[in-house]
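1. Would you be able to build a 3D model of this:
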Amino acid sequence: MNGFDTTDCTDSPDPYDDAQCPGTFIGDMNQDIWFTYTPDECGVLKASTCDLASFDTDLVAYYAISCSEKIQIACNGDAPGCANLTSEMQFPVTAGNKYLIRLGGWDDAAFGNGELRLELVPDSTIGDECIDAISASLGANWLDTTCATDSLDAYDAAQCPGTALGAMVQDVWYVYTPDQNGLLNVRTCDRIDFDSDIVVYKGSCTDLEQIACNGDGVDPATGAACGGFSSAVEDVPIVAGDPIYIRVGGWQDGQAGKGLLDLEYRQAAAPPAVEQLTCSSDCADTATITWVNGGTYDSITVLVNGTVVDTVGGADTSYTATGITGTRTICLEPVAGGLVGPQTCCVVSGLTPPPENVNCDPIFGTTNVAVAWTNPVAYDGIEVYVNGVLEQSLPGPATGTIVTGGAGRDICVRGLIANCWSEEVCCEAGQSPGVGDLNCDPIFGTTDVAVAWSNPIVYDSIEVTLNGTLVQTLSGTDTFTTVTGVVGTREICVIGIIGGVATDSACCTVNTGGPGDPPITVGDPNGDGSVDIADAIGMLGYLFNSEAISCLAAMDVNGDDSTDIGDPIYVLAYLFTDGAAPVGGGPCSPDTSSLGCDDGGCG
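-> Sure, this is the predicted structure:
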């Protein structure tokens, strides 16, 4: 027993097909909950809420490759004799396979608690013999011959010469009872993972009469051979109420597996199919379709992935389909006199939708970036680009990767279907962290400064600047250097470099004036070591724009113990008209200049 309560559950968007359990009144699958089951041995699994739930339940079972890739194999709405319209279904299972069981309510008012009973009958396979044939319906029917045994019933390969009908090993039986006269197509074509054979009988299990067979089939929609030597039996006459028995086995020992058995009804005397169908799209969201009419039609129905999208005139021989994204199967179905002819189909690759929700998350303490995205469709492949260069080629189901050294770079992702690439979707990878714990220690009695720091990551290189000028380029792992020639008050910055991109700089300000008061270089108030036009401009900026200046005492070039317009005029005369040199100098102290030296920028 497996207890459940769907009261707080939400509706899952996963599709389900109630045609697989006709007449059982499967509903909306409201507020559904999921279970997973992996058997240790082959057998028949019964899943039931019969008399065990407080509300009207629905059940759907899937063979699961993954949560996103699964095949519906059974369903039930209301099981006979079960209270509260509860449910019960059974289906064959194979040891080691994963199965999903989905339990929901019939409508919005159907939710609550209860128990799901799972019961495995080992060493039993539904459909292993004719007497225990699986009830089949039109459309897709789950097929798994892995645990089946060989039936002894006779069959005649001479009825389907040239199709390589084989030994019919590990065969499974189905029974289909039509509700109207017509023709039945029975196919495993491109729907299974083994080399199959199909034999079709009428009558009863004690009096079987073979009426059709096929070994290696041809897809009637495309005219191509069925992949993997799978099978297709076409136009089997059927009569309302008379059961048809379908036997599916493997060509030789070792040929067993799983997939889907498709049953398709066709009206007798229906018009012939269209011919020479071609489709092209050039990876765009439109597809051009052309064909030759195989007969006289009243109209032609256009279907895309099984959904009717348009109806064209019976004499038309071309059509343009729009909204073609990803891989799409386009089919034409002729209609004449109220009868529907067989479909003819082609596969086209349209516009590939790009990945969605692309996110770049830098990994702390490294230059690596975790990149994640969601796939709106099933891709054949995915590519990741860094700064416009292909970095990684990934399988189509991938939804994430680690980009080494991706911090601070443009990272883009695109998806592939067939030969059609989507647009790239990019994300910002953030900036790599700068160095930390910076310390600048002037070396006593010199103009040298010992600089130390810590590296949170490994850089490609490290740059050191002095007052904005690059003075050293170091290894990306260095954590110490000595900066020489630091005169007066200067700013030293350390910058990590990754992929040619600078991180945030870490800076410190030092003063190497030495013991006592630093000297004054009168006429050099900006402290760059020379008297030039920049000093005059700096003086004017200080006087009239309130701009900062490194050493106020050094601005008094005419020695009048004041700073005014006379000082920049004095310097300009010295520089350009052979005027007198700046006066003063020596230690920066109140004894030297009444202006004082609190700024510490004298040098």
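2. end-to-end on stretch 488-506?
-> Chord length of stretch 488-506, first to last residue, is 20 Å (CA to CA, to the nearest Å).
3. ok, how many other residues are close to Thr509?
-> Look at Thr509: counted by other CB atoms under 10 Å, it has 11 neighbours. C-betas here are computed from N, CA, C, even on glycine.
4. and what of Leu260?
-> Counted with other CB under 10 Å, the neighbours of Leu260 add up to 18.
5. Same check on Gly566?
-> For Gly566, using other CB under 10 Å, the count is 13.
6. What of the one 5 residues further on?
-> Val571 has 28 neighbours, counted by other CB under 10 Å.
7. where does the residue nearest to it when sequence neighbours are not counted land in three-state SS?
-> Spatial nearest neighbour of Val571, chain neighbours left out: Ala536 (4.6 Å); criterion: CB to CB, 6 or more residues apart in numbering. Assigned with DSSP: H, G, I helix; E, B strand; the rest coil, Ala536 falls in the helix class.
8. for Ala536, what are its contacts?
-> Applying CB atoms under 8 Å, 6 or more residues apart in numbering, we find Ala536 in contact with Pro568, Val571, Leu572, Leu575.
9. Between those residues, identify the one with the most neighbours.
-> Neighbour max across the contacts of Ala536 (other CB under 10 Å) = Val571, 28 neighbours.
10. Could you give me the buried positions within stretch 371-388?
-> Residues of stretch 371-388 classed as buried by neighbour count (16 or more other CB atoms under 10 Å): Val371, Trp373, Asn375, Pro376, Tyr379, Asp380, Ile382, Glu383, Val384, Tyr385, Val386.
11. For the second one, give its distance to Gly400.
-> Applying CB to CB, to the nearest Å, the value for Trp373 to Gly400 is 7 Å.
12. Ok, the last one next?
-> Remark: distance between Val386 and Gly400 (CB to CB) = 15 Å.
13. would Cys331 count as being in a strand?
-> Yes - under the criterion used here (three-state DSSP), Cys331 sits inside a strand.
14. That one is in contact with Leu303, isn't it?
-> Yes - Cys331 lies in contact with Leu303 (CB atoms under 8 Å); the separation is 4.4 Å.
15. more neighbours, these two?
-> More crowded of Cys331 and Leu303, by other CB under 10 Å: Cys331, with 21 against 16.
16. who's in contact with the more buried one?
-> Ala221, Val302, Leu303, Val304, Gly306, Gln343, Thr344, Cys345.
17. Buried among those? Make that a PyMOL selection.
-> To isolate the buried ones among the contacts of Cys331 in PyMOL, judged by 16+ other CB under 10 Å, type:
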select buried, resi 221+302+303+304+343+344+345
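18. Pipe the contacts of Cys331 into a markdown table and attach secondary structure and distance to Ala133 per row.
-> Formatted as a markdown table, the contacts of Cys331 follow (DSSP: H, G, I helix; E, B strand; the rest coil; distance: CB to CB, whole Å):
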| residue | secondary structure | distance to Ala133 |
| --- | --- | --- |
| Ala221 | coil | 28 |
| Val302 | strand | 37 |
| Leu303 | strand | 31 |
| Val304 | strand | 35 |
| Gly306 | coil | 27 |
| Gln343 | coil | 28 |
| Thr344 | strand | 32 |
| Cys345 | strand | 30 |
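19. Need the worst-confidence member of the contacts of Cys331.
-> Lowest pLDDT among the contacts of Cys331: Ala221, with 79.
20. So which residues of the stretch 251-400 of the chain form strands?
-> In the stretch 251-400 of the chain, the strands defined using DSSP state E, counting those that start in this stretch lie at 258-266, 275-280, 286-292, 299-304, 307-313, 318-322, 327-336, 339-340, 344-349, 356-362, 369-374, 381-386, 389-395, 400-403.
21. Quick one, which of the ones you listed gets closest to Ser546.
-> Closest approach to Ser546 among these is made by strand 356-362 (41.4 Å; CB to CB).
22. Tyr574 should be in a helix, yeah?
-> Yes - judged by three-state DSSP, Tyr574 forms part of a helix.
23. circling back: which members of the buried residues of stretch 371-388 define the maximum pairwise distance?
-> For these, the maximum inter-member distance is 23.0 Å, found between Pro376 and Val386 (CB to CB).
24. From the contact counts, what lies against the helix or strand where Thr465 lies?
-> According to DSSP states H and E, Thr465 maps onto strand 461-466. Contacts defined by 3 or more CB pairs under 8 Å, 6 or more residues apart in numbering; DSSP states H and E place strand 461-466 against strand 469-475, strand 480-483, strand 489-498.
25. what about stretch 246-260, start to end distance?
-> Termini of stretch 246-260 sit 13 Å apart (CA to CA).
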